[in-house]
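Enquirer: can you look at this prediction? I've put the sequence above it.
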Amino acid sequence: MSDTLLEVREITKRFGGFVALNQVSLVVARGERLGLIGPNGSGKTTLINCIAGALPTDGGSIHFDGFDISGRAAHQRARLGIARSFQIPRPFHSMSNVENLVIPLEYAAGDRHGGNVDAEAREILARVGLSDRADKSCSGLTQVDMRRLELARALAARPTLLIVDEVMAGLAHAEVDEILAILQEINDQGITIVMIEHIMRAVMGFSQRIAVLDAGEKIADGDPESVVGDPRVERAYLGE
Amino acid sequence: MSHRTFFFVVLGLVLVSLGLTKAIENEYYFFAGYVILQYIVLATAWNILGGFTGYVNFGSAGFFAAGAYTTVAVVKWVDLPLLALIPLSGIVCGLIGLATGYLTLRLRGVYFAIATLALAIVLETIIANWEHVGGAAGAFVIRPKEVMFFDSYVEFLFWTMSLLAAIAVFAARYIQHSRFGRGLAAIRDDEGVAESMGVPTLKLKLMSTTISGALMGLAGAPFVYYVTYIDPPSAFNLEYAVNAVAMPMIGGPTSWLGPVIGAVLLGGAQQIATVTISSELNLLIVGIMLVVFVIVAPDGIVGLVRRLFSKDPRA
């Protein structure tokens, strides 16, 4: 077992004539907490869509756990252990909260779940603080609970790599801390986390390493202090 | 209720329907009952793709007619008993469903619905030009003079359709409470998210179109023996397509029970209207009820009852 969990090799993604990602490479180590930042439209979500398989790439390759997964469908990547949350919460709206978690447990987790799907789903809901709403419809959740459900559902896929896309956007200060604590606990259990986030306080405090995208290219990659001090990063955010 | 218990309930109902053929003299009841049972099969079949998976099929009449014409095509070639013909119609229509799935499932929403409508028209054109099954002129099929155990052929058809309804409803309920059914519900709610949660959406959708198509074929298989004369306009009638959509919508599309309730209510109302008022009024009844239900109870009767008895006002 190597130390590298995810390796993105020079992937390119075009939307028509627009180059959304230009030969981006990224390596994520097993157990690492990586922050992915960049101005709006820099390609962060596109990059994770390519990693998760929601979008096909136009070049380059993606390796996960030693396998080339470039040609695999999104559901196969989920089964291999890549889980994600969505920037705008997209719960299965006809289901209760616990039923929302049963889907990834039964499908993505496959034999990584223990057998009693219902009990496991409830246990995960308890971990994110939603146990009292387990049997309620997900349509009645508040914004912060909606984010918790997004996280819980990604966790129910029993991932080795968890990608969280702006899971804290729009939340209050205390709520951000709550979500950060949950994410830290998840990471302590050995799950690798890639976090896209605009809240600098959160991403700086949480990440061990930060990669910066700007206009589809990776312009910096390193420990948080050196990255924020990088003049190219400053230019990307603030202009000349 | 476990699947086992439900199986015996359904089996009991099939036996009751068998008993009815001995208890009731007036053949009209079986004539009308056949149509309602046929709609239970058709609506349940539609609901597996439309209600469970969220793909609206407007081509139900095409599948129904394909099932009916499979019977005609085989009977004109080799004389098999009806009970042997029915599974053949199921297989043929299952394959048509699979092919439709491959060709159209890249389309979503209204585009998928339009494609299924086109499929029915293509099938009708093929049948209208196929001499072996009578082409546009239609075909006659002679009912066997006698049928074992039953006093008349209509009673036999009624019982056969009750058996098919039992199979369809049992299958739908089984699917709804299975891992497969939960996967379909995830696709209905959000296909992209379902895929990212490990659901093999393409495979499940193909299974759904195949099962739905096969069950519609079953509903159509005995049709030609019911009417004895079949031509493309009667088999590909808009009525089937409209009812197959309206019945689950009125009953409640997310549950196996919805299409059953819808078919009994709407099918029953149509039969009564046909006798008491006029046979042309049928589609008007469907139209009015559909409008009323879409406004008053968008989740159908099942959804309405759930809402009334639910403790959580938001559930």
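Expert: That came in fine, so what should we check first? Numbering: from 1, shown residues only, chains lettered A, B, ... in the order given.

Enquirer: make it CA atoms for all contacts and neighbour counts henceforth
Expert: Will do.

Enquirer: so A:T192 sits against A:L161, correct?
Expert: Yes - between A:T192 and A:L161 there is a contact at 4.8 Å, judged by C-alpha atoms under 8 Å.

Enquirer: which of these two has more residues huddled nearby?
Expert: Using other C-alpha atoms under 10 Å in any protein chain shown, the more surrounded residue of A:T192 and A:L161 is A:L161, with 29 against 24.

Enquirer: residue contacts, the residue of the stretch 51-200 of chain B found nearest chain A?
Expert: Closest residue of the stretch 51-200 of chain B to chain A, C-alpha to the nearest C-alpha: B:G198 (3.9 Å). Neighbour list for B:G198: A:A74, A:H75, A:Q76, A:R77, A:A78, A:R79, A:P104, A:Y107, A:A108, A:A109, A:A157 [criterion: C-alpha atoms under 8 Å, 6 or more residues apart in numbering or on different chains].

Enquirer: what's the farthest-apart pair in the residues you listed?
Expert: The most widely separated members of the contacts of B:G198 are A:A74 and A:A109, with 13.6 Å between them, by C-alpha to C-alpha.

Enquirer: more neighbours: which of those two?
Expert: Ranked by neighbour count (other C-alpha under 10 Å), A:A74 and A:A109 place A:A74 first, with 30 against 24.

Enquirer: looking at it, B:D190 is touching A:M95, isn't it?
Expert: No - applying C-alpha under 8 Å as the test, B:D190 and A:M95 come out as separate, 11.5 Å apart.

Enquirer: residue ranges with poor pLDDT in chain A?
Expert: Along chain A, segments meeting pLDDT under 70 span A:1-2, A:240.

Enquirer: for it, which residues are neighbours of chain B?
Expert: Neighbours of chain B within chain A, by C-alpha under 8 Å from any C-alpha of the partner chain: A:52, A:54, A:74-79, A:83-84, A:90, A:92-94, A:103-104, A:106-109, A:136-137, A:139-140, A:154, A:157.

Enquirer: if you set the cut-off to 7 Å instead, what comes out?
Expert: A:74-76, A:78-79, A:92-94, A:103-104, A:107-108, A:136-137, A:140, A:157 (C-alpha under 7 Å from any C-alpha of the partner chain).

Enquirer: what is the most widely separated pair among those?
Expert: A:Q76 and A:G140 (31.3 Å).

Enquirer: neighbour count winner among these two?
Expert: A:Q76 (22 against 16).

Enquirer: residues contacting that one?
Expert: B:G198 (C-alpha atoms under 7 Å, 6 or more residues apart in numbering or on different chains).

Enquirer: same check on B:A128?
Expert: Counting by C-alpha under 7 Å, 6+ apart, B:A128 has contacts B:G135, B:A136, B:P232.

Enquirer: redo these as JSON lines? Include secondary structure and distance to B:P298.
Expert: Output for the contacts of B:A128, formatted as JSON lines (DSSP: H, G, I helix; E, B strand; the rest coil; distance: C-alpha to C-alpha, whole Å):
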{"residue": "B:G135", "secondary structure": "helix", "distance to B:P298": "41"}
{"residue": "B:A136", "secondary structure": "helix", "distance to B:P298": "40"}
{"residue": "B:P232", "secondary structure": "helix", "distance to B:P298": "34"}
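
Enquirer: dump the residues you listed to CSV, plus distance to chain A.
Expert: Formatted as CSV, those follow (distance: C-alpha to the nearest C-alpha, whole Å):
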residue, distance to chain A
B:G135, 45
B:A136, 45
B:P232, 39
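
Enquirer: so which of these wins on neighbours?
Expert: That'd be B:P232 among those, by other C-alpha under 10 Å, with 23 neighbours.

Enquirer: which pLDDT value goes with the residue nearest in space to the middle of chain B?
Expert: Closest residue to the average C-alpha location of chain B: B:L42 at 0.8 Å, with C-alpha atoms, centre = their mean. B:L42 carries a pLDDT score of 97 in this model.

Enquirer: next structured bit after the strand or helix carrying it?
Expert: For B:L42, the enclosing helix or strand under DSSP states H and E is helix B:28-47. The first helix or strand that comes after helix B:28-47 along the chain, using DSSP H and E, is helix B:60-75.
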